[in-house]
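# 3D model of this:
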Amino acid sequence: MNYIKTLDYLYSQLPMYQRIGVAAYKNNLDNTIKICKLLKNPEKKFKSIHIAGTNGKGSTSHMLASVLQSAGYKVGLYTSPHLKDFRERIKINGEMVSQNYVVDFVKSYKSDFEKIQPSFFEMTVGLAFKYFESQQVDIAVIETGLGGRLDSTNIISPELSIITNISFDHTNLLGNTLEKIATEKAGVIKPKTPVIIGEAALEIKNIFIERAKINSALLIFANEIYGVTNMRQVNNGKLFLSMDITKKAAFLPKNLYLSEAALPTYLLNLTTELLGHYQQKNIPPVLCAIDVLKEKGFNISEINIREGIKNVIKQTGLLGRWQILSSHPLVIADAGHNEAGIKEVLSQISNTPHKQLHFVLGMVKDKDLNEILALLPKDAKYYFCNANIPRALSAEDLAIQAEAFGLKGVACGEVKNALAQAKKQGEVGDLIFIGGSTFTVAEVI
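Numbers count the residues shown, from 1 in each chain. Predicted coordinates:
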């Protein structure tokens, strides 16, 4: 098989959550354990960092990988889903896994996998782990798919874990309360392994505290250590942030303190290519993770931090986060797709100067859309569309549901048609925004 035929095989033969939804989800780790045993447990042969959470996992993973890369380490990066190329999921120092490696891997293990009958995600995890082992990475940043406790990635023994935040997403699989979702995400907390929480609402904070206590794990709430004192877009098109320490680690368990030397005591000024204002929530856990890694012997300087955060897109290839696709007209895409993510996007839209908002909107059909549709501005012009995947909600059905919330627009079918219509209708000074699902964004970038 060549690369194209290999991808066709993977997409057609293995159940894929991004395409078909809940039918592809496995609620245990049995297949992943079998795959890794077949591969001679590559996950045990490299150091790793595990990142879970509802929003911000991808940005956090890429920023942390970029900083480690700037510090001279050979860094594996496993994320999902991909936007344009399957190989985006598996990178080393920003370079995607080769087509030949993917082909050879599938060819070597195809018959064995057919006995195991894994999902697409389970197979991809095995591929990533084997690749990182074969390339002898110094450390790999591993992002969960969804959840945590039963996520296929949750067989690693990481140097530290990060849970970015908890909000409502995948409620049909993870539970319909923040407490249930937090419990699933907290399943990545391992015995005597530091865990960093990006932000946690009061009603779920104790879930992390109790889970960390049971595992004798150092627990750090990043937003109680680092805070943003200043944020603005600067003339070179980058986002500028001043990070300051807000508290010492007085809340940490007795005798599990980081050393005083590891705790930052200075104001840290950063610039980044990532222009989403929500990155101010993702940077604190990255900085806390670096503090922990330095305590573990990693050699990471302040210059490495600045360079890694500054050049994250250049060094890792991160796409789809408040990505400006053109300036005339102003076209911006963002992959935020749940209630919390959409709120962040809408906040930044409201702070972006424009006359008329043109909203290219596509969503998937296996989510409760009411909470999201209720948030969207009624004075925008909507161009409803459907991505080219089975999970996509048809443009016509989306238009009907949106109309019940006072959202007016036209059903355009394919994403490219919707964007073309928006550009045709847009005038000087208008803003065209593309979002609603990762797959809508993937088709325009």
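# Give me the pLDDT for L173.
pLDDT, L173: 54.
# residues contacting T352?
T352 makes contacts with L330, I332, L431, as judged by Cβ atoms under 8 Å, 6 or more residues apart in numbering. Any C-beta I mention is one placed from the backbone N, CA and C, and that applies to glycine too.
# out of those, who's nearest Y78?
Y78 has its nearest neighbour among these in I332, at 27.3 Å by Cβ to Cβ.
# Surely that closest one forms part of a helix?
No - the assignment for I332 (DSSP: H, G, I helix; E, B strand; the rest coil) gives strand, which keeps it out of a helix.
# Next one: it relative to M123, how far apart?
Taking Cβ to Cβ, to the nearest Å as the measure, I332 falls 34 Å from M123.
# my read: A340 touches T54, true?
Yes - A340 is within contact range of T54, at 6.5 Å (criterion: Cβ atoms under 8 Å).
# If you count surrounding residues, which of those two has more?
T54 (24 against 17; other Cβ atoms under 10 Å).
# name the element the more buried one belongs to?
Using DSSP states H and E, T54 maps to neither a helix nor a strand.
# Check which helices and strands the helix or strand hosting V441 is in contact with.
Per DSSP H and E: V441 is located in helix 438-442. Counting contacts by 3 or more Cβ pairs under 8 Å, 6 or more residues apart in numbering; DSSP states H and E, helix 438-442 is packed against strand 357-362, strand 431-435.
# export those strands to a markdown table and tack on mean pLDDT, mean neighbour count and distance to F298?
Below are those laid out as a markdown table (pLDDT from 0 to 100; neighbours: other Cβ atoms under 10 Å; distance: least, Cβ to Cβ, whole Å):
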| stretch | mean pLDDT | mean neighbour count | distance to F298 |
| --- | --- | --- | --- |
| strand 357-362 | 98 | 26 | 41 |
| strand 431-435 | 97 | 25 | 36 |
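# if I look at Y11, how far off is G320?
Distance of Y11 to G320, given as Cβ to Cβ: 20 Å.
# Could you check which of the two is surrounded by more residues?
G320 (21 against 13).
# can I see the domain layout of this protein?
The record's domain split for the chain, according to automatic domain parsing, is 3-316, 323-442.
# Any idea which of those domains has the lowest pLDDT on average?
domain 3-316 (a mean of 87).
# In which helix or strand does the spatially most central residue of the chain reside?
Using Cα atoms, centre = their mean, the residue of the chain that lies closest to the mean C-alpha position is G58, 2.4 Å off. Element membership for G58, per DSSP H and E: helix 57-70.
# can you pull out the strands in the stretch 151-300 of the chain?
160-163, 195-197, 219-221, 226-233, 239-245, 268-272 (DSSP state E, counting those that start in this stretch).
# From the contact counts, what lies against the last one?
Read it as strand 268-272. strand 239-245, helix 279-295, helix 302-310.
# who does it pair up with?
The strands beside strand 268-272 in its sheet (DSSP bridges) come out as strand 239-245 (antiparallel).
# try the longest one
For strand 226-233, the paired strands and their directions (DSSP bridges) are strand 239-245 (antiparallel).
# and the strand it pairs with with helix 279-295, angle?
Per axes from the mean of the first three to the mean of the last three Cα atoms, to 10 degrees, the angle that strand 239-245 makes with helix 279-295 is 50 degrees.
# Tell me what angle strand 239-245 forms with helix 302-310.
140 degrees.
# Pull strand 239-245 out as CSV, backbone CA atoms only.
This file holds the C-alpha atoms of strand 239-245, laid out as CSV (Å, rounded to 0.1, in the frame of the first residue of the first chain):
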residue,chain,number,x,y,z
LEU,A,239,0.3,39.1,21.6
PHE,A,240,2.2,40.6,24.5
LEU,A,241,1.6,39.3,28.1
SER,A,242,3.2,40.2,31.4
MET,A,243,3.1,37.2,33.8
ASP,A,244,3.5,37.8,37.5
ILE,A,245,3.5,35.5,40.5
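# so how far is it off the chain centroid?
Remark: strand 239-245 is offset 21 Å from the chain centroid, using Cα atoms, centre = their mean, to the nearest Å.
# Quick one: end-to-end length of stretch 319-333, please.
With Cα to Cα, to the nearest Å as the measure, stretch 319-333 spans 9 Å from end to end.
# before we move on, what about stretch 112-131?
Terminal residues of stretch 112-131 lie 18 Å apart, using Cα to Cα.
# try stretch 403-423
Span of stretch 403-423 from end to end, Cα to Cα: 22 Å.
# mind checking how far L369 is from K381?
L369 is 19 Å from K381, by Cβ to Cβ.
# same thing with E143?
35 Å.
# Mind checking which of those two has more residues around it?
E143 (24 against 19).
# now that one: how far from M1?
28 Å.
# A387 now?
Taken as Cβ to Cβ, the span from A387 to M1 is 26 Å.
# likewise R89?
19 Å.
# Give me the more crowded residue out of the two.
Applying other Cβ under 10 Å to R89 and M1 shows that R89 carries more neighbours, namely 20 against 12.
# Contact partners for that one?
R89 is in contact with Y78, T79, S80, P81, H82, T124, A128, counting by Cβ under 8 Å, 6+ apart.
# In which helix or strand does the closest residue in space to Y101 that isn't next to it in sequence reside?
Leaving aside its sequence neighbours, Y101 sits nearest to Y131 (Cβ to Cβ, 6 or more residues apart in numbering; 6.2 Å). Element membership for Y131, per DSSP H and E: helix 120-134.
# downstream neighbour of that helix in the secondary structure list?
Immediately after helix 120-134, counting by DSSP H and E, sits strand 139-143.
# who does that following strand pair up with?
For strand 139-143, pairing defined by DSSP bridges yields strand 47-52 (parallel), strand 75-78 (parallel).
# That one versus helix 57-70: what angle between them?
Going by the same axes, to 10 degrees, strand 139-143 is angled at 170 degrees with respect to helix 57-70.
# one step back: out of the helices and strands packed on helix 438-442, which gets nearest to Y226?
Nearest of those (Cβ to Cβ): strand 431-435, 28.0 Å.
# strands paired with that closest one, and their directions?
Partners of strand 431-435 in its sheet, by DSSP bridges: strand 330-333 (parallel), strand 357-362 (parallel).
# Same list (those) but as JSON lines, adding distance to S301.
Shown next, in JSON lines, are the strands paired with strand 431-435 (distance: least, Cβ to Cβ, whole Å):
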{"stretch": "strand 330-333", "distance to S301": "34"}
{"stretch": "strand 357-362", "distance to S301": "42"}
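# Would you tell me which of these gets closest to G276?
Going by Cβ to Cβ, the one of the strands paired with strand 431-435 nearest G276 is strand 330-333, 9.8 Å.
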